[in-house]
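Asker: sequence and predicted structure are below.
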Protein chains: 2
Amino acid sequence: MYRPEIKVIDCTVRDGGLMNKWQFDDSFVKNVYNSLIEAGVDYMEIGYLSSEKAFSRDEYGPWRFCAEKDLKRITGDGEKKIKLSAMADIGRIDYDDIPPKSESSLDMVRVACYVHQVDKAIALAHHCKDKGYETTINLMAVSTVGLRDLNEALEDLNKSKVPIIYLVDSFGAFYSEDIDTLTAKYFERMPNKTIGIHCHNNQQLAFANTISAIINGINFLDATLYGIGRGAGNCPLELLLSFLKNPKFKVRPLVQCIEEDIFPWAEKIDWGYSVPYMVTGVLNQHPRSAMAHMESDNKNKVTEFFDSVTSVL
Amino acid sequence: MYRPEIKVIDCTVRDGGLMNKWQFDDSFVKNVYNSLIEAGVDYMEIGYLSSEKAFSRDEYGPWRFCAEKDLKRITGDGEKKIKLSAMADIGRIDYDDIPPKSESSLDMVRVACYVHQVDKAIALAHHCKDKGYETTINLMAVSTVGLRDLNEALEDLNKSKVPIIYLVDSFGAFYSEDIDTLTAKYFERMPNKTIGIHCHNNQQLAFANTISAIINGINFLDATLYGIGRGAGNCPLELLLSFLKNPKFKVRPLVQCIEEDIFPWAEKIDWGYSVPYMVTGVLNQHPRSAMAHMESDNKNKVTEFFDSVTSVL
């Protein structure tokens, strides 16, 4: 049995690109695109929507920008059989740089923000909605937000016209009981919104917490192929589709894409569970210290890392 | 807040040894032993209790046997500050080979069995109990046991004198809802027993399912350092102790042991999440086909493996 309201959003290129400055070639992105279509995935988040003034194309690959010319190289001229999404960061995109939906291959813009940016996020999301896009707001790092701030943010989001609000475990700090508690809070404060979930795998709980979210009524689910993503990575898409019962989903195209396109990247960039990510997850900290450690020449010196971030755990 | 009844059993040497025929040198086993003591872990499962007639010491390391002379090399003559456990497989140990508790460094014998072996397991566990050991029965592969067989097995176990019965997810097939359903069944049929949990990580759910088990009232928890174990491995001990709130537990000694003793083994043997293990987990199959694939020269050809075990997933 399945819940038809459930939508799966693949973030392979967008979140994986955090590890390689979005330097995926077109062949990789096309293969992911076609595999997701074949697998029946609902949305592909293909990158960030950024102003060309904010980043240089000499340093960053096309999926930092998601300009229409970039998107067209992937989708071609035929019918687009999956919805495309891009994430917008506050302050890195000018309103005028966002084309109207009628001139774009994008279907959805997701606005990521921290709690102090909620009003700016709502303004940007409203702007995108007025231009014709589906919109979400993804409230990041909610594991570090105090109760009063959270209540206020959720009430502001509830009053907005944005229909989908995400619960984001940016630091991979949540246990299933946190998902239960926060989902109840989100639905209580935003009874008419659709809720989404985006998990990180610092404590090997990204998939499990996504399942907890589904059980609690969350319907927008983020995942990536083989869990590719920053640090400990994300909820693995192949596990998620295997769990979901909707007959439209197929796992084999994902397995094939992992073999052909993700394994080669796994040899070049390093993501997934490791002790430093577990430690920052347990401590409810941004993984930047763990990422720096994992990129150093001493990545196996995990006791030194442990001592550097905490004297008691 | 914590539940004082919770006991943690480290299976690093016993379950990890399935990957290298228990060829851990004494220095490794001593370091694990001392680290577990320092971390406050309740039991160390140091290997299998096997008859010297069943296996050759030329091929298998000492932890396939757990003879008293092997154990003494690790514990020395001082006070033993952690309880030691060994697992006994039906048919691989003669009753006469088991010394009385008064002549052994072992505190607990855990009898592993499949559902059709429950009566033999009870007989062996009773024999060990009569010799003075703590005992458990670990009913394996319960994900493949039909309802009538399960009810009958649990009723037989309930009538036995064995105080601790394990729920074992041998194939890494369970989701949290399975843990909920089966824990309720175990407590319903065996109201006076203590229940334990042993999970495998085929679907990255070993830790999460152990948490679900804790929430459901399960008090004996198996884990291994860095998840070392056959195939996709086990619930990582460092994650479990970080989650548990008992102030006697310390994580740092585990981190240090992982750095010094487990990382070197991670370069020699291969465990942890991979697509073939995920596929057998989803299909509720023994991981032997996935293990054979991972040991072949084609371990990255995961689509071929997928096709070989299923045409539809």
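Answerer: Structure's in. What do you need? Numbering: from 1, shown residues only, chains lettered A, B, ... in the order given.
Asker: could you check how far residue A:85 is from residue A:93?
Answerer: Going from residue A:85 to residue A:93 by Cβ to Cβ, to the nearest Å gives 14 Å. Bear in mind the C-beta positions are built from the backbone N, C-alpha and C, glycine included.
Asker: oops, could you answer that again for residue A:140 instead?
Answerer: Relative to residue A:93, and taking Cβ to Cβ, residue A:140 is found at 16 Å.
Asker: what residues does the stretch 201-313 of chain A put near chain B?
Answerer: Within reach of chain B by Cβ under 8 Å from any Cβ of the partner chain, the stretch 201-313 of chain A has these residues: A:201, A:203-209, A:211-212, A:215, A:226, A:236, A:238-239, A:242-243, A:250-252, A:255-256, A:258-259, A:263, A:272-273, A:275, A:278-279, A:282, A:300-303, A:306-307, A:313.
Asker: got a quick ChimeraX command for the buried subset of those?
Answerer: Entered in ChimeraX, the line below selects the buried ones among these, by 16 or more other Cβ atoms under 10 Å in any protein chain shown:
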select /A:201,203,204,205,206,207,208,209,211,212,215,226,236,238,239,242,243,250,251,252,255,256,258,259,263,272,273,275,278,279,282,300,301,302,303,306,313
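Asker: phi first, then psi, for the closest residue to chain B within the stretch 201-313 of chain A.
Answerer: Going by Cβ to the nearest Cβ, chain B is nearest to residue A:208 of the stretch 201-313 of chain A, at 3.0 Å. With angles defined as degrees, to the nearest 10, residue A:208 sits at phi -60, psi -40.
Asker: on that earlier part again, which of residue A:140 and residue A:93 has more neighbours?
Answerer: residue A:93 (25 against 18; other Cβ atoms under 10 Å in any protein chain shown).
Asker: quick one, what contacts that one?
Answerer: A:49-51, A:54, A:124 (Cβ atoms under 8 Å, 6 or more residues apart in numbering or on different chains).
Asker: same question for residue A:21.
Answerer: When contacts are taken as Cβ under 8 Å, 6+ apart, residue A:21 is in contact with A:59-61, A:64.
Asker: which of those come close to chain B?
Answerer: Within the contacts of residue A:21, nothing lies near chain B by Cβ under 8 Å from any Cβ.
Asker: now the buried members of these.
Answerer: A:60-61, A:64.
Asker: okay, residue A:313: pLDDT?
Answerer: Model confidence at residue A:313, given as pLDDT, is 47.
Asker: chain center to the helix or strand hosting residue A:119, what's the gap?
Answerer: Using DSSP states H and E, residue A:119 sits within helix A:118-130. Computed by Cα atoms, centre = their mean, to the nearest Å, the separation of helix A:118-130 from the middle of its chain amounts to 18 Å.
Asker: contacting residues around the closest residue to residue A:201 other than its chain neighbours?
Answerer: Leaving out its chain neighbours, the residue that sits closest to residue A:201 by Cβ to Cβ, 6 or more residues apart in numbering or on different chains is residue A:232, at 4.2 Å. Residues near residue A:232 by Cβ under 8 Å, 6+ apart: A:172, A:200-202, A:206, A:271-274, A:277-278, A:281, A:287.
Asker: residue A:122 now?
Answerer: Contact analysis of residue A:122 by Cβ under 8 Å, 6+ apart lists A:137, A:156-157, A:160, A:162.
Asker: again, but for residue A:197
Answerer: So residue A:197 contacts A:166-169, A:179, A:209-210, A:213, A:218, A:220-222 (Cβ under 8 Å, 6+ apart).
Asker: let's see if you can find the most crowded of these.
Answerer: That'd be residue A:169 among these, by other Cβ under 10 Å, with 29 neighbours.
Asker: quick check: chain neighbours aside, which residue is closest to that one?
Answerer: Using Cβ to Cβ, 6+ apart, the closest residue to residue A:169 is residue A:199 (4.9 Å).
Asker: next, find the distance separating the one you found from residue A:168.
Answerer: 8 Å.
Asker: can you check residue A:294 too?
Answerer: For residue A:294 relative to residue A:168 (Cβ to Cβ), the value is 22 Å.
Asker: what does residue A:5 give?
Answerer: 20 Å.
Asker: secondary structure element for residue A:88, which one?
Answerer: strand A:83-89.
Asker: which strands or helices does that strand pack on?
Answerer: helix A:12-16, strand A:43-48, strand A:108-113, strand A:134-139 (3 or more Cβ pairs under 8 Å, 6 or more residues apart in numbering or on different chains; DSSP states H and E).
Asker: quick one, that strand and strand A:134-139 angle?
Answerer: Using axes from the mean of the first three to the mean of the last three Cα atoms, to 10 degrees, the inter-axis angle of strand A:83-89 relative to strand A:134-139 is 40 degrees.
Asker: hmm, who's touching strand A:83-89?
Answerer: So strand A:83-89 is in contact with A:9, A:14, A:42-50, A:66, A:71, A:75, A:98, A:105-112, A:124, A:128, A:134, A:138, going by Cβ under 8 Å, 6+ apart.
Asker: what sits against residue A:158?
Answerer: When contacts are counted by Cβ under 8 Å, 6+ apart, residue A:158 is found next to A:189-193.
Asker: quickly find the element holding residue A:154.
Answerer: Residue A:154 belongs to helix A:147-159, assigned by DSSP H and E.
Asker: what packs against the following helix or strand past that helix?
Answerer: Once the chain leaves helix A:147-159, the next helix or strand it forms, by DSSP H and E, is strand A:164-168. Contact here means 3+ Cβ pairs under 8 Å, 6+ apart; on that basis strand A:164-168 packs against strand A:134-139, helix A:176-189, strand A:194-198, strand A:220-223.
Asker: buried deepest among those, which one?
Answerer: Ranked by mean neighbour count, those are led by strand A:220-223 with a mean of 26 (mean count of other Cβ atoms under 10 Å in any protein chain shown).
Asker: list the contacts of the next helix or strand after that strand.
Answerer: Sequence-wise, the next helix or strand downstream of strand A:220-223 (DSSP H and E) is helix A:237-243. Residues outside helix A:237-243 that contact it (Cβ under 8 Å, 6+ apart): A:8, A:10, A:12, A:39-41, A:207, A:210-211, A:221, A:223-226, A:249-251, A:254-255, A:258, B:175, B:203-204, B:275, B:278, B:282, B:313.
Asker: these in helices, which ones?
Answerer: A:12, A:39, A:207, A:210-211, A:254-255, B:275, B:278, B:282 (DSSP state H).
Asker: could you export those as TSV, including pLDDT and distance to residue B:118?
Answerer: Below are these laid out as TSV (pLDDT from 0 to 100; distance: Cβ to Cβ, whole Å):
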residue	pLDDT	distance to residue B:118
A:12	98	46
A:39	98	42
A:207	98	32
A:210	98	36
A:211	98	31
A:254	98	39
A:255	98	37
B:275	98	34
B:278	98	30
B:282	97	27
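Asker: circling back: can you tell me which of the contacts of residue A:93 are up against chain B?
Answerer: Okay, of the contacts of residue A:93, nothing touches chain B (Cβ under 8 Å from any Cβ).
Asker: mark which of the residues you listed are buried, thanks.
Answerer: Buried among those by 16+ other Cβ under 10 Å: A:49-51, A:54, A:124.
Asker: so which bits of the stretch 51-200 of chain A are right by chain B?
Answerer: Residues of the stretch 51-200 of chain A lying near chain B (Cβ under 8 Å from any Cβ): A:175-177.
Asker: and those residues as JSON lines, adding pLDDT?
Answerer: JSON lines is the format used below for these (pLDDT from 0 to 100):
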{"residue": "A:175", "pLDDT": "98"}
{"residue": "A:176", "pLDDT": "97"}
{"residue": "A:177", "pLDDT": "97"}
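Asker: reformat these as CSV; add distance to residue B:20.
Answerer: As requested, these are exported to CSV (distance: Cβ to Cβ, whole Å):
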residue, distance to residue B:20
A:175, 33
A:176, 34
A:177, 37
